[in-house]
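A.B. asks: pasting a predicted model and its sequence here:
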Protein chains: 4
Amino acid sequence: MTETVPGWLAPGELESIRGRMPILYVDAVPVRLDECGAVTRVGLLLRIGSDGAVSRALVSGRVLLHERVRDALMRHLEKDLGPVALPQVPPSPQPFTIAEYFPTAGVSPYHDPRQHAVSLAYIVPVAGDCRPRQDALDLIWFTPEEAASPAVQQEMTGGQGVLLKQALAHVGRLP
Amino acid sequence: MTETVPGWLAPGELESIRGRMPILYVDAVPVRLDECGAVTRVGLLLRIGSDGAVSRALVSGRVLLHERVRDALMRHLEKDLGPVALPQVPPSPQPFTIAEYFPTAGVSPYHDPRQHAVSLAYIVPVAGDCRPRQDALDLIWFTPEEAASPAVQQEMTGGQGVLLKQALAHVGRLP
Amino acid sequence: MTETVPGWLAPGELESIRGRMPILYVDAVPVRLDECGAVTRVGLLLRIGSDGAVSRALVSGRVLLHERVRDALMRHLEKDLGPVALPQVPPSPQPFTIAEYFPTAGVSPYHDPRQHAVSLAYIVPVAGDCRPRQDALDLIWFTPEEAASPAVQQEMTGGQGVLLKQALAHVGRLP
Amino acid sequence: MTETVPGWLAPGELESIRGRMPILYVDAVPVRLDECGAVTRVGLLLRIGSDGAVSRALVSGRVLLHERVRDALMRHLEKDLGPVALPQVPPSPQPFTIAEYFPTAGVSPYHDPRQHAVSLAYIVPVAGDCRPRQDALDLIWFTPEEAASPAVQQEMTGGQGVLLKQALAHVGRLP
């Protein structure tokens, strides 16, 4: 017998809904700050994709039914960075931008072959120790210059490299 | 035979999804500007609710599958304000805030008994003539002072009065 | 003999410049956050004005020559809240709004009889202990509801009550 | 006899103040929008610098005493783009970023050898015909890709190329 956890979907349900409606996501850009609040490092997850390819990624995931956006951010940050990362979700619910991921490439800078997803993107200072879990192998801290470099940008997929550069621009650290 | 229009759902489908996932919406606050870009008036729709009650409302609606947020805004603005309203959707996709409507009152300032909806809220200057259509009886232009007054606020439902005050604060016109 | 400290002005110089040019300020709204980043309290300084009147105020002050806005915020926060307040100046330099204080009342919601000042306003989470210094007697933490109440609003001068409500709106906590 | 125009300074006064206090500026990024509000072109002024060098520049200038930021934007836009450009100064006073120009290079991405200036930066849709005046030879409309290209970036001085890329990021058009 399957118990129903609110917000979690039975097998097949997510796939069914993906063909009918845009799916709400959050994207978080983990950053380290100096003592004055200026961004010194950006954190990227090292992931192995379903096709075995290595890629770098932001913290990202779906907002569940009856879940606040703020709680979805906390849940995905804890899932990806571990329990002692001490993420500081910003006080304002205003995202610094939205990313519209379309299943057809080229409609926007963002692409997700599985679905039409709309993501609310936030910059999240992280003060504690990060211990990636689940499908992330590691979290690497890059300088803004490294994060915007072609070497790192080409390891990011689905337009997350563009989203990362938008985050750097928003904090005044785009090289 | 039913033809499938992309993004539009068959009868019953929306109700089915509403119980499984947050639904993505847009809210638009129509404004009139003076020659320097300062807000002089805020536009509110006069609606008759399903229970016959008169209420004032922002332009609001769902984002469809494969539809850009920008196009959803244009579609709902044209639907509610008519074809010659000349709405100026802002160049940045960043909403001035998000409104999280929960089916349970009190979780957030926003409440929608039908569903969990997350709305991206934008301020939209409107330069042309507004001719409300569909279920809206009229569009009335209020001064910022009138819009924030208890008389108007109590005619707004689901927390849209709060969202309107947030919009006024964002444009520097909260009394 | 007077030594020249960069950015600090000799007696009379500030008064002289005030009659010639807008003066750049920063305003900071100190907030307490819950574990998810939502604002739970707003901090207001209790001050005695030059006329002996009691008032409540935001952290506020001038940006000095060759000083970064970020450093000006840190300096005024430490001056007003003490050395162990642990203020978290936000990573983005974008203010949530600007406040234009004019010497003539009524030009904007903000008024400063001494000068034309333009202030960049930021919301600053404060994690440590606040020990007001200098001309501030105390720092009191208010709930968002209390902060927006007429009782508190009428104890704020120069339009800072409006600025406080704009801050509450920006963090989604305007009652 | 010299008449005193409010806000305008006598010869030598600006130079004197520049050594004492940060000077408040505005920067405007002129853009063309499509019918849905998406940015299609960015306008750059072609200028001849005091050293005879050709450069591309944003609309930029000082805020005068007793002048609202909104009015300073309109004044500089009319001065640089002519009387029929129909600039649409945005309804919110919140700049998309601030640019801190320091006389010493390297303190920030922005540099002005004459002074410490802090500029409030806005994106301004322009609907009419632009007829550059004064020291601008021409206004050229670039695609976002062209505007972010090395060829255009290296023709911009004082860090305005970085500011332009931040504007493109804010409107979701950074390549």
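C.D. replies: Done, it's in. Remember, predicted model here, so these are calculated numbers, not experimental data.

A.B. asks: rest of the way, CA atoms for contacts and neighbours
C.D. replies: Fine.

A.B. asks: name the SS class of residue A:122, please.
C.D. replies: strand (DSSP: H, G, I helix; E, B strand; the rest coil).

A.B. asks: chain C contacts on chain A?
C.D. replies: When proximity is defined by Cα under 8 Å from any Cα of the partner chain, chain A lies next to chain C at A:33, A:36-39, A:70-71, A:74, A:88-94, A:125, A:170-172.

A.B. asks: inside strands: which ones of these?
C.D. replies: Judged by DSSP state E, the subset of these located in strands is A:33, A:39, A:125.

A.B. asks: list the buried residues of the lowest-mean-pLDDT helix or strand in chain A.
C.D. replies: Lowest by mean pLDDT, DSSP states H and E among the helices and strands of chain A is helix A:13-18, with a mean of 80. Residues residue A:17 are the ones in helix A:13-18 that count as buried (16 or more other Cα atoms under 10 Å in any protein chain shown).

A.B. asks: list the buried residues in stretch A:159-175.
C.D. replies: Buried residues in stretch A:159-175, counted by 16+ other Cα under 10 Å: A:159-174.

A.B. asks: what's next to it, contact-wise?
C.D. replies: A:29, A:38-39, A:57-58, A:96, A:99, A:109-111, A:123, A:144-145, A:147-148, A:153-154, C:91-94, D:97, D:162, D:165-166, D:169-170, D:172, D:174-175 (Cα atoms under 8 Å, 6 or more residues apart in numbering or on different chains).

A.B. asks: can you flag the buried ones in the ones in strands among the residues of chain A next to chain C?
C.D. replies: A:33, A:39, A:125.

A.B. asks: what about the first one, distance to chain D?
C.D. replies: Yep, that's residue A:33 we're talking about. Counting by Cα to the nearest Cα, to the nearest Å, the gap from residue A:33 to chain D is 16 Å.

A.B. asks: now that residue. Nearest residue, chain neighbours left out?
C.D. replies: Nearest residue to residue A:33, sequence neighbours excluded (Cα to Cα, 6 or more residues apart in numbering or on different chains): residue A:39, at 4.5 Å.

A.B. asks: I'd say that neighbour and residue A:123 touch.
C.D. replies: No: using Cα atoms under 8 Å, residue A:39 makes no contact with residue A:123, being 10.1 Å away.

A.B. asks: identify the contacts common to these two.
C.D. replies: residue A:31.

A.B. asks: and the helices in chain A?
C.D. replies: A:13-18, A:69-81, A:144-147, A:150-153, A:160-170 (DSSP state H).

A.B. asks: comparing those helices, which yields the minimum mean pLDDT?
C.D. replies: Ranked by mean pLDDT, the helices of chain A bottom out at helix A:13-18, which scores a mean of 80.

A.B. asks: show me the contacts for the nearest residue to residue A:42 once chain neighbours are set aside.
C.D. replies: Counting by Cα to Cα, 6+ apart, the nearest residue to residue A:42 once its immediate chain neighbours are dropped is residue A:31, at 4.5 Å. Shown in contact with residue A:31 (Cα under 8 Å, 6+ apart): A:39, A:40, A:41, A:42, A:43, A:123, A:124, A:125, A:126.

A.B. asks: correct me, but the second one touches residue A:34?
C.D. replies: Yes: in this structure residue A:40 lies within contact range of residue A:34 using Cα under 8 Å: 6.3 Å.

A.B. asks: who's more crowded, the two?
C.D. replies: Taking other Cα atoms under 10 Å in any protein chain shown, residue A:40 and residue A:34 do not tie; residue A:40 has more neighbours (16 against 12).

A.B. asks: roughly how far apart are the more buried one and residue A:75?
C.D. replies: 24 Å (Cα to Cα, to the nearest Å).

A.B. asks: show me the shaky parts of chain A.
C.D. replies: A:1-6, A:134 (pLDDT under 70).

A.B. asks: residue numbers of it in contact with chain B?
C.D. replies: Contacts of chain A with chain B, taken as Cα under 8 Å from any Cα, map to A:7-9, A:17, A:19-24, A:63-66, A:68, A:93-98, A:100, A:102, A:116.

A.B. asks: which of those residues fall in strands?
C.D. replies: A:23, A:24, A:97, A:98, A:100, A:102.
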